[in-house]
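Okay, here's the prediction I keep looking at, along with the sequence it came from:
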There are 4 protein chains.
Amino acid sequence: MTDAELDFRIERLGECRFPSPMQEARFIDDGERLLYHDRYRDLQPFIEANREPPAMELGGPRERVFFDPATISCGIVTCGGLCPGINDVIRAVVLSLYHHYGVRRVYGFRYGYEGLVKRHGHLPLVLNPEMVNQISESGGTILASSRGPQDPAEMVDYLEELGVGILFAIGGDGTLKGAAGIAEEAARRERRISVIGIPKTIDNDISFIQKTFGFETAVAEAHRAIYAAHTEATGARNGIGLVKLMGRDSGFIAAHAAFIDSQVNFCLVPEAPFTLEGFFRSLGERMRKRGHAVIAVAEGAGQELLTGSADRDASGNVKLGDIGMYLRDAIRNHFAAAGVRTNLKYIDPSYIIRSQPANPHDSALCLLLGHNAVHAGMSGRTGMVVGLWNNRVTHVPISLATRQRKKIDPEGWLWSSVLASTGQPRELR
Amino acid sequence: MTDAELDFRIERLGECRFPSPMQEARFIDDGERLLYHDRYRDLQPFIEANREPPAMELGGPRERVFFDPATISCGIVTCGGLCPGINDVIRAVVLSLYHHYGVRRVYGFRYGYEGLVKRHGHLPLVLNPEMVNQISESGGTILASSRGPQDPAEMVDYLEELGVGILFAIGGDGTLKGAAGIAEEAARRERRISVIGIPKTIDNDISFIQKTFGFETAVAEAHRAIYAAHTEATGARNGIGLVKLMGRDSGFIAAHAAFIDSQVNFCLVPEAPFTLEGFFRSLGERMRKRGHAVIAVAEGAGQELLTGSADRDASGNVKLGDIGMYLRDAIRNHFAAAGVRTNLKYIDPSYIIRSQPANPHDSALCLLLGHNAVHAGMSGRTGMVVGLWNNRVTHVPISLATRQRKKIDPEGWLWSSVLASTGQPRELR
Amino acid sequence: MTDAELDFRIERLGECRFPSPMQEARFIDDGERLLYHDRYRDLQPFIEANREPPAMELGGPRERVFFDPATISCGIVTCGGLCPGINDVIRAVVLSLYHHYGVRRVYGFRYGYEGLVKRHGHLPLVLNPEMVNQISESGGTILASSRGPQDPAEMVDYLEELGVGILFAIGGDGTLKGAAGIAEEAARRERRISVIGIPKTIDNDISFIQKTFGFETAVAEAHRAIYAAHTEATGARNGIGLVKLMGRDSGFIAAHAAFIDSQVNFCLVPEAPFTLEGFFRSLGERMRKRGHAVIAVAEGAGQELLTGSADRDASGNVKLGDIGMYLRDAIRNHFAAAGVRTNLKYIDPSYIIRSQPANPHDSALCLLLGHNAVHAGMSGRTGMVVGLWNNRVTHVPISLATRQRKKIDPEGWLWSSVLASTGQPRELR
Amino acid sequence: MTDAELDFRIERLGECRFPSPMQEARFIDDGERLLYHDRYRDLQPFIEANREPPAMELGGPRERVFFDPATISCGIVTCGGLCPGINDVIRAVVLSLYHHYGVRRVYGFRYGYEGLVKRHGHLPLVLNPEMVNQISESGGTILASSRGPQDPAEMVDYLEELGVGILFAIGGDGTLKGAAGIAEEAARRERRISVIGIPKTIDNDISFIQKTFGFETAVAEAHRAIYAAHTEATGARNGIGLVKLMGRDSGFIAAHAAFIDSQVNFCLVPEAPFTLEGFFRSLGERMRKRGHAVIAVAEGAGQELLTGSADRDASGNVKLGDIGMYLRDAIRNHFAAAGVRTNLKYIDPSYIIRSQPANPHDSALCLLLGHNAVHAGMSGRTGMVVGLWNNRVTHVPISLATRQRKKIDPEGWLWSSVLASTGQPRELR
């Protein structure tokens, strides 16, 4: 994808006719846009070509809205795996719809996209401020979730039947593609249904979005597992603590967790391939010098070492081989073969991480995302997600957000900082 | 073991000749004893027989001490698996030796009993207040640990060489038996070496001791895993959360964790055997009625279901079959065979639990145990542990403390309360 | 109060006629009693006099109950200041009434005893399991509270009108006396209304009860303030951290918080009077030697230093002078007069402490107390509280529990351990 | 300050002659710069004028360094009030100097700038990796701190005597101005001493820096006080919770804390003046409608309501009037005069907030800032601070960073989002 191909234009359902009821607001002009690039050198080609450089629409309340708050119904659906903050987003959307716009009918669809297919028989909850007021204290999702796609036609049938004008879809890559499908089907039928995504990926791997909600909580909770691994490793002779963290395609959680107290000695991520030989050489050196080691491995790392299957889960994700178990056994065998008695402790904290309530940072982020998702939806935008860029809430077309995963640049500052913190060599080969 | 066999008498190295330097203390008389029984009906046989009922010596500072603080050296050793609070105990022992008695030489032996065997070459740390002042903020043990016994003769050789008068041994059942062996060897040589145990068992399974340090922290941390299991279970259709907790012989952690927010629906412990049929019948009923379930299983539960091996680890503990993995697969297969799609999430938080720093409750307990271990040692007692009974610190002979494991009484109030909280049937058969 | 005066007999409304619906229970015999004393020497006078020593009735389910679960209504009221765990107790009572006994109507009276007086117009909430399921995650009380007594006649009028058979009163000394008044008024009218108290006192100062709910959470949270004071004190030259903690009549919170990491250097409680001269002499010595100091003062300490007023709050408690502010200024002035520049930081964490959710320990305790309060009420007992003694749930007559405050014995083991931890002299005079 | 005046040029001591020993690094070119503006419309004037728009130098390791790691000594000093993360920064600087560059002599000056003046007699600590390895687990600063300036000549004298080549100054506005003074004095003497600031301001009020370390921890901890206030407010009739938060000139902590669970109903900051009449009108309305309210007030808010003094503290900051106490009394009096019985609880959590250890987010940030401060210093830069801009570490001249405080724009998105979350009117007049 070249810069020239970036198209941040957002679709709209039609002209905004109603005045916003948000009386205290400072409205955002539609022309307010945030530069995609942050270095002058990246802007220069556009300037020389006399073209406006790529920029994202800013989120926020608009002076005129597309839907009539007095008559519109809205829906919320949560899909895929758990992530800290889902309930915060649900709460923020409901409170904003009620208090900012006066919307009075909000459906909470149950069990992901299944709940949007009438024949599954999951009656939607009818949400109101009192119901959602305390839910942000709890992890998980009060709507429950499921994986996998459903037929867009069936879903739009049900949305039409319920008179839903805006559907808020909280989910990851697959969910957002499903949301785009709903938007397309509605457009095909010329139904004015806005579909707004709030990206949920604990891996923080969505392009054009600086940070997704739940990520900071996940890093903080991952650190608790690393702390345990470190404590175990230093509490025994030749102690090794091995922690498997989330990160299917992108190792952001492992990379950021490596910074905290710099307790990680080896950070293994999908973006930086390694061989067992190279890794063992470096690990052996560390054990000889320091007598213990802590390893954080993202679940998607080292897949090339495993005899992979081509299975996929209900969301369509390739089923990864278990690199954690693999490394656990390989390390034990390696040192045993070398006649070195080690004490390896293996920790897989994934479910504990993802079921946490949002920490204060993410709770605040969820509030901003939820409010701005409502502003976007009420203004008639569709087929887009709200995201964060340069710490501002922005609008990104789903097609762009899902085109490819965001990854750690192995030549960039983040990975260099990880290496500076862990002390591991750049090449584990 | 009948009541009549209980002998709480504590051995002593000889007569106390030195005045205690603890000037602000209220000294405990040697005659102060705490009743073992707490019901009058249990005392009546003794009263009728005109015998004093069984009672434990109370811990605390004594007016006269056996060792001369000016000349004695002391040692501390930590053995076996990690447990929250070990560093707190080390800290309390060092601070009490220094500040309460004026002892000036305290060795911290490294890597468990290995560190007491000179030929292993682990030089002991020389501990002082400044070194230990902050260590209670960290989990694990600054001395590191190891499993398994060492030759008492070699250990006493080294203690003699270093001039150690009191050895504080922090560890579980095997460690305490090892400590008794050291005490016996020293007695055989007529060396005045006092050996004081501070029982460390995260399972809280030591007889005649109401609660061991680290247990409350472990229960609190176990609850975090149960919370995650509950969140996962309610966040999906037919969600099942399965958590494996510590508890080799005794299910106290699982039982107490079941009380917190009563989020556990099935608590499986070694003391209450079950069959898969009985368990599945009840689990199936729960799933039909409520659509989700949370199961906490102690690692020692259901061992009769597994084709066990007779392997033992370095501490001499039988290697348990993995009931967590076994149940995970069995439950999945059971429901799959019945055509029910379930969403089971399996969590094994053991290493995260045991590497936590002590919570405030345990931190306070460790302080009391450490101080009183020092009082006991300085008074010339040996072959004993400090424990808690009716919330007072007591002295218990090692022989008595290690004679048999403390277990949940399946007919007692604790298990009845667990059933009242979980709602599970008494018989899962 | 002498031992001979202790009368633990519990009043009952009449004969139990209904079989308990608790099918999995192991029922407690009415004769099961727990000894009040734990030392043989304290029992000897009774044995010699051939009298049964004082003992408390054990809590737990009874085989036959007094009330018909199918027809009874119940009520819950929360009075006085906040304390961690109130919502846990409400939850446990509601769940036990519903699930253990099948009671179907439970009123939650709002704003303390005000809610029991109809003319105040606070309609009671109608509580059910779904409503209370998540409330233990939150601090405070969902019923809200108020201080001060109301007319027993008016309250019994309303209870009669609503057909309430058991009233559960969660509150402190004043609340329990009010509960006794309701029980007496009902008895005078020959109405079969059972009144069961669940003692709520963050100060843990109720006699015949080893530990009240919320106390452990309060101690843990108090430690956070002490940690801050310690950090501030060590982060500046001549730093002094001063923390005012709860403890009107009894300094248990300050005493227990002093054990944690032994960061407190001076623990000032109501039970151990001091003079400014004595305190300053000792504080000055500490500052010269160590350059910093941390002081924890219970709010009821040192009242004799203040020119007290005789004001009382709505609960009838004497309004204490503010010892925290007084000491803050006195210490600053003292050192300033001596030409020593100090850095004193004063922290009053009271509201933050008492509004916490219960920690896991207290959450479990609340569950046990709530369940057993229901068992007691259903069995027709009245005018009693549930408490903890030797770690078992017991029944204590309100008259006995409120006769005098539980206090720290300045000659006992607890205070000696505090002095051993802080290093402060026994006499600050 | 107009855009045209922004000058981000960083001073240097001279030419870099030594190759960097960081072998795994990807070096940053000196030309790499990050745009100050993030909207195209702000860049257009520069483009039209054919000028390069303002941009900041990026932090990171350089291929050639100015100082010889083998011979250089370094110093660290911490000044002003506590802030979460100071120890993390100290640790990161020491570890980076040792492990990345091989520097072997690092002084930790004690008690702020006092420690840089020899006649005060505070000997500096000699820091090494082992000493600092665990310190990030603790709040505060292991070097201790003090307020106020010292004579630059005396400080440079001592730095020269100790042979210090780089001084790392961790502190706020006053500290950074002091650091600039040291740099100037060294330049005047033609001494090659680099002075690098790491901005420490819990208020997050330093210009050209997106976020300072400790801020996220402070917001999270502030939320605990707000949670308490909310719990108290809802736990009583007409409950009002009032929390005073840090924020002398800028209300960022209060504003961000208002987002979390949206529990704040009134957020009062210095940037948005209010009258008591306006505030009471709106507060009264809220109380009538909802029966409770939570107010977060930044310490610098509403100063115009107080009869101010012109006193200043040792750091030269104006001593603020106590708006918290003032509002507490004013609100009580207002409602009492209106015959409304309210329950106001006032909480001042400042010392608890600022003495926390860094949370994982801030711990990671501190690591990055510390590493990059070392890179900047080793490359011979001076008179600058490391900061964060668009989530990258940047270099900012001290003169620019301290020219004026960063403040909330009352017309910007942040304040609008606060109003959207609290529901308070824009004008409280």
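Cool, the structure landed.

Check what pLDDT the residue of the stretch 301-429 of chain A found nearest chain B gets.
Going by CB to the nearest CB, chain B is nearest to A:Ser355 of the stretch 301-429 of chain A, at 3.8 Å. Quick note: C-beta positions are derived from backbone N, CA and C, even for glycine. If you check A:Ser355, the pLDDT there is 98.

show me the contacts for it.
A:82, A:84, A:139-140, B:227-229, B:231-232, B:235 (CB atoms under 8 Å, 6 or more residues apart in numbering or on different chains).

Compute the distance between the closest residue to A:Pro53 other than its chain neighbours and A:Glu52, please.
Sequence neighbours aside, A:Phe46 is the residue nearest to A:Pro53 in space, at 4.0 Å (criterion: CB to CB, 6 or more residues apart in numbering or on different chains). Distance, A:Phe46 to A:Glu52, by CB to CB, to the nearest Å: 7 Å.

Settle it for me: which of those two has more neighbours?
Higher neighbour count among A:Phe46 and A:Glu52: A:Phe46, with 17 against 13, using other CB atoms under 10 Å in any protein chain shown.

distance between the helix or strand containing the more buried one and the chain's centre?
Assessed by DSSP states H and E, A:Phe46 sits inside helix A:40-48. Between the centre of helix A:40-48 and the centre of its chain there are 30 Å (CA atoms, centre = their mean, to the nearest Å).

ok now whichever helix or strand comes after it, how far from the chain's centre?
For helix A:40-48, the succeeding helix or strand toward the C-terminus, using DSSP H and E, is strand A:55-58. Chain-centre distance of strand A:55-58: 20 Å, with CA atoms, centre = their mean.

Can you list the strands that strand A:55-58 pairs with?
Within its sheet, and counting by DSSP bridges, strand A:55-58 is paired with strand A:33-35 (antiparallel), strand A:392-397 (antiparallel).

what's the offset of the longest one from the middle of its chain?
Going by CA atoms, centre = their mean, the spacing between the C-alpha centre of strand A:392-397 and its chain's C-alpha centre is 14 Å.

can you check the first one too?
What separates the centre of strand A:33-35 from the centre of its chain is 22 Å, taken as CA atoms, centre = their mean.

got a list of contacts for that strand?
Residues outside strand A:33-35 that contact it (CB under 8 Å, 6+ apart): A:8, A:43, A:53-58, A:389-390, A:392, A:394, D:35, D:37-40, D:43.

which of those residues count as buried?
Among these, those classed as buried by neighbour count (16 or more other CB atoms under 10 Å in any protein chain shown) are A:8, A:43, A:53-58, A:389-390, A:392, A:394, D:35, D:37-40, D:43.

Grab the nearest non-local neighbour of the residue nearest the centre of chain A.
Geometric centre of chain A, nearest residue: A:Thr201, 2.0 Å, by CA atoms, centre = their mean. Distance criterion CB to CB, 6+ apart; nearest residue to A:Thr201, sequence neighbours excluded, is A:Gly172 at 4.6 Å.

From chain D, how far out is A:Ile226?
Distance, A:Ile226 to chain D, using CB to the nearest CB, to the nearest Å: 10 Å.

How about the contacts made by that residue?
By CB under 8 Å, 6+ apart, the contact set of A:Ile226 is A:241, A:243, A:257, A:260, A:263-264, A:294, A:296.

can you give me the helices for chain A?
Ranges of helices within chain A are A:40-48, A:86-95, A:129-132, A:152-162, A:173-188, A:215-234, A:252-259, A:276-290, A:323-337, A:350-354, A:360-378, A:398-401, A:413-422, based on DSSP state H.

Nearest to C:Arg147, out of those?
Checking these against C:Arg147 by CB to CB gives helix A:129-132 as the closest, at 27.5 Å.
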